[in-house]
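>>> Predicted model follows, preceded by the sequence.
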Amino acid sequence: MVTQSQSKKLTYEGSVKRVFQPEQRTDLLWFEFTDDYSVFDWGKMPDTIANKGRALSIIGAFFFEKLSHPEFWQSLPSQPCLKRFSAPFLQSRFSHPVFRQMTEQGAFSHFLRLTAEDGRTLSSAQAAASPEPVYMEVQKAEVLRPVPAVLLGQTVFAYEAPPDETALRLVPLEVVFRFGMPAGSSLKARLLKEPDYAKVLGLSHMPDDDARFEQPVLEFFTKLEPRDRLLSLQEALLLSHLTPGQFEDLCEAAFDLSLALYFIFAEKGIELWDGKFEFVARGSELL
């Protein structure tokens, strides 16, 4: 446990988050979410949102902890709000080994705890009341950044294979889930440009504005390139450096987690339309 406030060093600073390395624990990282915010790929905006960073830490901890309990997953199939989705789709998800594993062990994650500057573990209530910075402590994962190169006048990115299959590493993908197509969704432009893309996503027809899907759909985008680039399923598999079986498990986990979030939001009277997941992997284990 870190006991001195200065016993950490800044290893990364993005537009809305700072990452620290506790000097006494090289296997851990501390995330500090700031009150800054960014819009799409435009970067950080000039103003801030008061207490946004603290709220993100507490909300993140809430989700990680809730989803870690097997009892939550055992109760999920019986939730009435999920009846709006295709019965065959739900049956396929709930009978899959990935879902069965969650009912036995909960959802794995790299999250460990909320912590204060001096290393004390904080509850959500303590984190909300603390006048000091609040950090999210996580297991450290290696980030293998793609190397840009210019080929035939175009910039491309080379993704190296992980040198150590036993090390925890970031899967360089953003996995976006969608329950429908609200007006203004970026999905509409892609579907208008390429109508066959609806079939690729598993949709039976071109949806109207504000249409709700019979089952969630997944899209894959790059995580570590300057802009979030839409990927085909083939390219997403190659960039992930997962086996086809491991990638299938990643997709199953994304479906399961999306349904879990849909239920959690529905409990609060909020209709969830979309979101995204990021994963870390160690061998065949996804977090």
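That came in fine, so what should we check first?
>>> What strands line up against the longest strand along the chain, and which way round?
Among the elements of type strand in the chain, defined by DSSP state E, the one spanning the most residues is strand 211-222. For strand 211-222, the paired strands and their directions (DSSP bridges) are strand 173-181 (antiparallel), strand 230-231 (antiparallel).
>>> Show me how far it is from its chain's centre.
Strand 211-222 has its C-alpha centroid displaced from the chain centroid by 14 Å (Cα atoms, centre = their mean, to the nearest Å).
>>> Go ahead and name everything in contact with it.
With contacts defined as Cβ atoms under 8 Å, 6 or more residues apart in numbering, strand 211-222 is touched by 84-86, 89, 146, 157, 172-181, 187, 201-203, 207, 228-233, 235-236, 239, 251, 254-255, 258-259, 262. Using the backbone N, CA and C atoms, a C-beta is placed for each residue, glycine as well.
>>> That strand - what's its average pLDDT?
Along strand 211-222, the predicted local confidence has a mean pLDDT of 97.
>>> Kindly report the same for stretch 244-261.
Here stretch 244-261 scores 97 as its mean pLDDT.
>>> Ok, stretch 11-29 next?
When pLDDT is averaged over stretch 11-29, the result is 90.
>>> End to end on it, go ahead and measure it.
Between the start and the finish of stretch 11-29 there is a gap of 9 Å, counting by Cα to Cα, to the nearest Å.
>>> before we move on, back to that, for the buried ones among the contacts of strand 211-222, write the corresponding PyMOL selection.
This is the PyMOL syntax for the buried subset of these, where burial follows 16 or more other Cβ atoms under 10 Å:
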select buried, resi 85+89+146+157+172+173+174+175+176+177+178+179+180+181+187+201+203+207+231+236+239+254+255+258+259+262
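>>> any idea how far residue 86 is from residue 13?
The gap separating residue 86 from residue 13 is 43 Å, by Cβ to Cβ, to the nearest Å.
>>> Tell me which residues are up against the helix or strand containing residue 236.
Following DSSP states H and E, one finds residue 236 within helix 233-240. Residues lying outside helix 233-240 but in contact with it, judged by Cβ under 8 Å, 6+ apart, are 159, 171-173, 200, 220, 222, 231, 244, 246-247, 250.
>>> Show me which pair in the residues you listed is furthest apart.
For the contacts of helix 233-240, with distances taken as Cβ to Cβ, the pair at the greatest spread is 159 and 200 (22.3 Å).
>>> In terms of neighbours, single out the busier of these two.
Between residue 159 and residue 200, residue 159 has the larger neighbour count (other Cβ atoms under 10 Å), namely 18 against 13.
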